[in-house]
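> Whatever this is, show me its structure:
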Amino acid sequence: MTAATLHLRPIPRPVRWTGGVLAVLILALVLFLSLANWNALRPFIARQASAMSGRTIRIDGDLKVHPWSWTPYAEVGGLKIGNPHWANDGLMADIPKATVGVHLLSLFTGHWDLTRLELDHPKIWLFVDSAGRENWRANLGDDQPTKLPLIERFLVDGGQLGFADMPRKLTIGGRVESHEVARGSGGGSFHLDGNGAINARPFDLSITGAPLLNVNAAKPYDFTAAMRAGDTRLNAQGVLPKPFDFGQVQAAMTVSGRNFADLYTLTGLALPDTPPFSLSGDLNRQGPRYTFTKVHGTVGSSDLAGDFQVDRVDGRRTLKADLRSHSLQFSDLGSLVGAPKPGARTPAEQAAASARKAEGRLLPDATLNLAKIRSTDATVRYRADSVKSPGWLPISKASLDLTLDHGVLSMTPLVFSLPQGDVDARIRIDARTDTPKDDVDVRVKNARLENLFRSSANPPIDGTLEARAELHGVGDSVHKAASTANGTFALAVPNGHIRQLLAEALGIDATKALGLLIDKSSKDTGVRCAMADFQADNGVLTARNLVLDTDPVLAKGSGTIDLRDETLNLTLEGKPKAFRLIRIKAPVTLTGHILSPHVGIKAGRAPLQGAEAVGLAVVATPLAAIIPFIDPGLAKNADCAGLLSEAEQKGAPVKPSAAAPLKAPHPHT
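Residues are numbered from 1 along each chain as shown. The predicted structure follows:
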């Protein structure tokens, strides 16, 4: 077939009509984009944006669109972004000028890759209300991490940021800037800087990374970050595996500060008070889960290692931690129950410490932060391989299993291992009400009294100590809970030894004790049994039974321990079991503050005895002068089996043994 005879088929009329209509539409679109009055479209665009975002959006300034490019962009003036409909009236953002550009082809792949995002002097107000709702999320219950599109150029000039978190009582105010530093051959860096105040204390943030122009969705984005919030410092070097999906973060991080509890403002976690700390480890975020693993560092004078995991479900944060110390400094535990922290203190803490010292207060009076306790759930396991404790407290190891569940704090158990025996505590604090309810059950099992005198080669007393305290109180501090305590406290020493000088002094046997003192005797005498039983009533412990039965002396006592003002008022009166030529009938007293008790002799018949002696000495022989001191009454052995049985019923886990072996005398006695 030749060209002359070639017959062309006519184009079907429907196809011609369709092509014509499309051509007209494209031409109309081109003319519209080129000639449209974009300012006239502001109300329509704002309504559409409001409907899509669930908040009121206005465009009060000029709207300029530059469509003819593979990277079209728009300039928006007077952009006002309101709060979600569930929040109060007002603005979330007021941006005098915003410039937004997009890769046109990315729209066909379902992505919004931005070529530029420039904000000129924006003012942004973010808040979390009392119900935990965040105003930057339009939908309630939306707890997904923030995910931004790729941005090749991100500039913030003169930004102002305000943030308020009502549950955490947290406020932040400051300035935010971002810019890029260009270098040759495509080099350079991106910088995001912020500074201001967090709860009236200095706050600054600096993030640096590679130039955003080189960001690739298929390649991780490296960054470094440094932050200071009050006394807390944070440094991180990490990567965003998928830029800029902040639901996935990996970083090597170091965090340090004056007090672990200060991290609440940054993390929302109710953490305990501690001395100054510094911890390093690997931070990893996967959606709502954060992990801080391979952690190592120091808290006070103690080392700390382990792993942390934080999840956020339905707005609540849950902490799981498995921690260990190779060497724990016992003094570092004091701040956990409200004792003053070692090291630098704030002016308020210094004033509180001065008042506490002036009052001679032993029991800590720092209060629990109920909002913190109720905001976090936690499961913590802690083990200390060794403990550096004071000489009077021979702790070798420590362990703690803690749970926090919707305002109920439980330590079950808290165990301190001794060289022999241990102290096992079960503590429960119910902070669901404004006045917490406190329950404490502490047991001392198989402890040895001589271990309390580690600095002495020849301890004045030895034996097995068994004890239990079961107390219930109310209050948001240790002191308040103790001041309202009700319950029982019982202890028993089934058998042991005591320095004979001390036993005779309880007598009070003037001749025997004086002779032992002159000889500097360290001779021991047997302790048949010792028992103390106190009833606690509204912070006052009253002795129901107080007995020390030794071979030479039986001593019985009475009195009270007042936890409200931390004072003692105890009396112990001994009676010899054999004839003593000279004996002063004056009970030994223990009075004053718990921290500085005064040991004395109660004025009773002793002054009268002295007067009688002086009078008789005038008219009689010298022998008559000692007659008033003679007390031929003999005390019988205490019913140790009965006392120990009673102690066991009161809670002390003892098993009396009449045939318990006695310790051999010291070689030099």
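> Now stretch 244-253: buried residues?
244, 245, 247, 248, 249, 251, 253 (16 or more other CB atoms under 10 Å). Every C-beta, even on glycine, is put in place using the N, C-alpha and C of the backbone.
> now it, how far from the centre of its chain.
25 Å (CA atoms, centre = their mean, to the nearest Å).
> on that earlier part again, out of the buried residues of stretch 244-253, which one sits closest to residue 416?
Among those, residue 253 lies closest to residue 416 (CB to CB), at 32.4 Å.
> In terms of helices and strands, where is the closest one?
strand 248-257 (DSSP states H and E).
> Export that strand to CSV, keeping only CA atoms.
Provided in CSV are the C-alpha atoms of strand 248-257 (Å, rounded to 0.1, in the frame of the first residue of the first chain):
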residue,chain,number,x,y,z
GLN,A,248,12.0,5.7,65.9
VAL,A,249,15.1,7.1,67.7
GLN,A,250,18.4,5.5,68.5
ALA,A,251,21.1,7.3,70.5
ALA,A,252,23.9,7.0,73.0
MET,A,253,22.9,9.2,75.8
THR,A,254,24.3,10.6,79.1
VAL,A,255,22.0,12.3,81.6
SER,A,256,23.2,13.9,84.8
GLY,A,257,21.7,16.1,87.5
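> so what secondary structure elements neighbour it?
strand 232-240, strand 277-286 (3 or more CB pairs under 8 Å, 6 or more residues apart in numbering; DSSP states H and E).
> redo that, cut-off 10 Å
strand 221-229, strand 232-240, helix 264-267, strand 277-286, strand 289-299 (3 or more CB pairs under 10 Å, 6 or more residues apart in numbering; DSSP states H and E).
> In its sheet, which strands sit next to it, and in what direction?
Strand pairing for strand 248-257, using DSSP bridges, gives strand 232-240 (antiparallel), strand 277-286 (antiparallel).
> Checking my notes, residue 480 in a strand, right?
No - counting by DSSP: H, G, I helix; E, B strand; the rest coil, residue 480 falls outside a strand, being helix.
> hang on, isn't it packed against residue 429?
No - taking CB atoms under 10 Å as the definition, residue 480 is not a contact partner of residue 429, at 11.7 Å.
> Quickly list what's touching both of the two.
Both residue 480 and residue 429 are in contact with 368, 436, 438, where contact means CB atoms under 10 Å, 6 or more residues apart in numbering.
> Among those residues, name the buried ones.
Buried among those by 16+ other CB under 10 Å: 368, 436, 438.
> Can you add secondary structure and give the shared contacts of residue 480 and residue 429 back as a markdown table?
Shown next, in a markdown table, are the shared contacts of residue 480 and residue 429 (three-state DSSP):
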| residue | secondary structure |
| --- | --- |
| 368 | coil |
| 436 | coil |
| 438 | strand |
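> so which of those residues would you say is closest to residue 406?
residue 436 (13.5 Å).
> and the gap between the nearest residue to residue 147 once chain neighbours are set aside and residue 286?
Nearest in space to residue 147, with sequence neighbours left out and distances taken as CB to CB, 6 or more residues apart in numbering, is residue 245 at 4.7 Å. According to CB to CB, to the nearest Å, residue 245 stands 11 Å off from residue 286.
> just residue 66 next, same as before
40 Å.
> Could you do residue 294 as well?
Distance from residue 294 to residue 286, by CB to CB: 17 Å.
> Likewise for residue 158?
Counting by CB to CB - residue 158 and residue 286 are separated by 35 Å.
> coming back round to it: turn the helices and strands packed on strand 248-257 into TSV, columns for distance to residue 201, mean pLDDT and mean neighbour count.
Converted to TSV, those look like this (distance: least, CB to CB, whole Å; pLDDT from 0 to 100; neighbours: other CB atoms under 10 Å):
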stretch	distance to residue 201	mean pLDDT	mean neighbour count
strand 221-229	7	94	17
strand 232-240	9	95	17
helix 264-267	9	84	18
strand 277-286	18	96	17
strand 289-299	21	96	16
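> Distance to residue 324 for those - can I get that in JSON lines?
Compiled in JSON lines, those are given as follows (distance: least, CB to CB, whole Å):
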{"stretch": "strand 221-229", "distance to residue 324": "28"}
{"stretch": "strand 232-240", "distance to residue 324": "23"}
{"stretch": "helix 264-267", "distance to residue 324": "22"}
{"stretch": "strand 277-286", "distance to residue 324": "13"}
{"stretch": "strand 289-299", "distance to residue 324": "10"}
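> so where's the chain uncertain?
Scanning the chain with the threshold set as pLDDT under 70 gives 1-36, 108-110, 138-145, 182-187, 335-362, 392, 454-457, 499-523, 577-586, 601-669.
> Which secondary structure state is assigned to the spatially most central residue of it?
Nearest residue to the geometric centre of the chain (CA atoms, centre = their mean): residue 272, 1.1 Å. What three-state DSSP gives for residue 272 is coil.
> The helix or strand containing residue 383 - contacts with which helices or strands?
If you go by DSSP H and E, residue 383 is part of strand 376-384. Helices and strands touching strand 376-384, as assessed by 3+ CB pairs under 10 Å, 6+ apart, comprise strand 302-313, strand 316-325, strand 328-329, strand 397-405, strand 408-417.
> run the last query once more with 6 Å
Using 3 or more CB pairs under 6 Å, 6 or more residues apart in numbering; DSSP states H and E, the elements in contact with strand 376-384 are strand 316-325, strand 397-405.
> partners of it in the sheet?
With DSSP bridges as the test, strand 376-384 pairs up with strand 316-325 (parallel), strand 397-405 (antiparallel).
> Adding mean neighbour count and distance to residue 153 as columns, could you present those strands in CSV?
Putting these into CSV (neighbours: other CB atoms under 10 Å; distance: least, CB to CB, whole Å) gives the following:
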stretch, mean neighbour count, distance to residue 153
strand 316-325, 17, 35
strand 397-405, 17, 46
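> which stretches of the protein form helices?
13-35, 42-53, 264-267, 347-359, 370-375, 478-483, 500-506, 510-518, 605-619, 640-650 (DSSP state H).
> Turn the helices and strands packed on strand 376-384 into CSV, columns for distance to residue 541.
Formatted as CSV, the helices and strands packed on strand 376-384 follow (distance: least, CB to CB, whole Å):
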stretch, distance to residue 541
strand 316-325, 34
strand 397-405, 26
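> Which one of these lies nearest to residue 475?
Set against residue 475 and scored by CB to CB, the helices and strands packed on strand 376-384 come closest in strand 397-405, at 18.5 Å.
> what about that closest one, distance to the chain center?
12 Å.
> what comes into contact with that strand?
328, 377-384, 387, 410-411, 414-417 (CB atoms under 6 Å, 6 or more residues apart in numbering).
> Looking at those, spot the one nearest residue 197.
Residue 197 lies nearest to residue 378 out of the contacts of strand 397-405, by CB to CB, at 29.2 Å.
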